[in-house]
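Peer 1: Fold the following and give me the result.
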Amino acid sequence: GCGTLVVLEQSENGINLFRSFDWNDGLFDVSWSENNEHVLVTGSGDGSLQIWDTENPTGPLQVYKEHTQEVYSVDWSLTRGEQLVVSGSWDYTAKVWDPAVHQSIGTFQGHEGVIYSTVWSPLIPGCFASASGTVSVL
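Peer 2: Numbers count the residues shown, from 1 in each chain. A predicted model of the protein is given here:
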């Protein structure tokens, strides 16, 4: 099926639709860029990540496809000088991406099952955690 990224805006009048984007497969997670209030990343069922700009309603700015299965989790680093993204996939890998170079800069293996969550540490630069359905956290 298709997925939709919906960006909502809260105001005195309630919660309103700001922008929406369609993708050709389900979208499982979303994270905002720390450097640009208009930019987000999503992870999808086709194994790709998409970089979106709410100021550009025509489609994603970039698409990265290196995972071999669904991307279930994405997180944009909040503490590093570089603007890095971490993704977790049903292919049992976590990848670190640098949007400036348009590809992953590292692949981390070690889980024996699907990765459901990846998150950067808010306090320790360069440190992220990933959790899978096999009771392991790396």
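
Peer 1: if I look at the closest residue to Gln10 other than its chain neighbours, how far off is Asp91?
Peer 2: Excluding the flanking residues, the one nearest Gln10 by CB to CB, 6 or more residues apart in numbering is Asn16, at 7.9 Å. Just so you know, the C-beta spots here come from the backbone N, C-alpha and C atoms, and that holds for glycine as well. Taking CB to CB, to the nearest Å as the measure, Asn16 falls 37 Å from Asp91.

Peer 1: Same drill for these two, tell me which one is more crowded.
Peer 2: Asp91 (19 against 9; other CB atoms under 10 Å).

Peer 1: got a pLDDT number for the more buried one?
Peer 2: Listed pLDDT for Asp91 reads 92.

Peer 1: and it, what does it touch?
Peer 2: 47, 67-69 (CB atoms under 8 Å, 6 or more residues apart in numbering).

Peer 1: do Leu5 as well
Peer 2: Applying CB under 8 Å, 6+ apart, we find Leu5 in contact with 20-23, 27, 30, 40, 42, 52.
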